[in-house]
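K.L.:
Sequence and predicted structure, then a few things I'm wondering about:
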Amino acid sequence: MTEPETREAEHGITVAAPAADVYALLADVENWPLLFPPTVHAERTERVGASERIRIWATANGTAKTWTSLRLLDPVRRRIEFRQEVPAPPVAAMGGTWLADPLSPATTRVTLRHHYRAADGDPDGLAWIEAAVDRNSRAELAALKAHAESAGAPDGRVLDFEDTVRIDGEAKDVYAFLDRADRWAERLPHVAHATVAEDTPGLQRLRMDTRAPDGTTHTTESVRVCFPHHLIVYKQTTLPALMSLHTGRWRLERDADGALATSRHTVVLATENITRVLGEDAGVPEAAAYVREALSANSRATLGRAKEYAEGRR
């Protein structure tokens with residue numbers, strides 16, 4: 001029997017930042033949702049010496065996937081080798097290497113190499129993987145460059161905030177309300193329409209039309225990763241005009257008196273759109289205040305209805 005074809009790919013970019021700083025970004029996998037556009041959520045599940053096991057939830061060619069990888073980190077050579085331990089179809093095998101080579105004390109050449117096989121050597125599957133590797137690699141390298149080169153710039157574009165509600169009810173009931181986002185249009189006044197696709201249990205694609213206070217609606221799309229009955233993390237893949245990145249999480253904690261439900265948001269403002277959306281006199285402070293109030297208002301409304309739902313089931 002013919003061995004399924006293995007293909008290789010290489011992508012690279014030059015970054016105006018020290019190699020040690022670039023390597024640190026690549027090594028910190030749990031920060032990848034804020035760094036790489038395709039990554040929705042990432043966890044380090046095991047660490048032994050220089051080896052670690054990670055699980056990643058990400059988009060590939062517009063679909064949501066999850067897989068487990070093994071990584072070998074070499075901070076001296078600024079090299080990270082990876083191999084998917086549990087691939088997601090149509091991938092049969094995937095591995096590669098990140099390299100951060102210094103060109104000067106302040107400049108780094110980053111190289112990303114892949115080798116991969118499709119399940120059963122399927123040509124269509126191989127073409128799908130090739131397109132996904134190329135699209136995601138280009139997006140990740142561009143984002144890495146932008147992030148590394150702007151590191152430390154205190155321009156107020158990044159927002160990180162949360163809202164918490166105490167609930168006299170069960171955390172599992174709060175989770176059930178948040179998990180069933182497909183019912184939000186009938187349960188939440190600010191949601192005009194919502195659909196959820198869940199091909200893989202616990203991995204959802206949510207499309208939602210949200211009403212603004214002025215009566216207009218805007219459409220967003222998110223990928224959500226659900227961990228019953230305590231956590232839902234998400235990343236918007238179609239964003240409102242004022243945001244270039246938005247990740248969030250619904251966290252539920254039980255205590256003797258019931259449950260604490262917290263909504264957390266991390267946002268990067270799309271500064272190029274501020275005057276178009278808010279007017280010529282608006283700047284980063286005005287955009288930050290606008291986005292924070294809009295997201296918090298919707299989160300508080302959702303948590304309020306989840307509280308009513310959970311307390312009504314006691």
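P.N.:
Yep, it's here.
K.L.:
Am I right that residue 34 is in a strand?
P.N.:
No. Under DSSP: H, G, I helix; E, B strand; the rest coil, residue 34 sits outside any strand and is assigned helix.
K.L.:
Report the contact partners of it.
P.N.:
Going by Cβ atoms under 8 Å, 6 or more residues apart in numbering, residue 34 touches 245, 247, 266. (Glycine included, C-beta is placed from N, CA and C.)
K.L.:
Residue 139 too?
P.N.:
Contacts of residue 139 (Cβ under 8 Å, 6+ apart): 36, 37, 38.
K.L.:
Pretty sure it sits in a helix.
P.N.:
Yes. Under three-state DSSP, residue 139 falls within a helix.
K.L.:
host element of residue 115?
P.N.:
Element membership for residue 115 (DSSP states H and E) is strand 107-118.
K.L.:
could I get the contacts of residue 34 as TSV with pLDDT?
P.N.:
Output for those, formatted as TSV (pLDDT from 0 to 100):
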residue	pLDDT
245	96
247	98
266	97
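K.L.:
Specify which member of the residues you listed is nearest to residue 173.
P.N.:
residue 247 (25.1 Å; Cβ to Cβ).
K.L.:
if I look at that closest one, how far off is residue 199?
P.N.:
Counting by Cβ to Cβ, to the nearest Å, the gap from residue 247 to residue 199 is 22 Å.
K.L.:
do residue 233 as well
P.N.:
For residue 233, the distance to residue 199 - Cβ to Cβ - is 18 Å.
K.L.:
which of the two has more neighbours?
P.N.:
Neighbours were counted for residue 233 and for residue 199 using other Cβ atoms under 10 Å; residue 233 has more, 21 against 10.
K.L.:
Which residues outside stretch 205-217 are in contact with it?
P.N.:
64, 181, 184, 189-198, 218-224, 234, 238, 294, 298.
K.L.:
That stretch: which residues count as buried?
P.N.:
Residues 205, 206, 207, 208, 210, 211 are the ones in stretch 205-217 that count as buried (16 or more other Cβ atoms under 10 Å).
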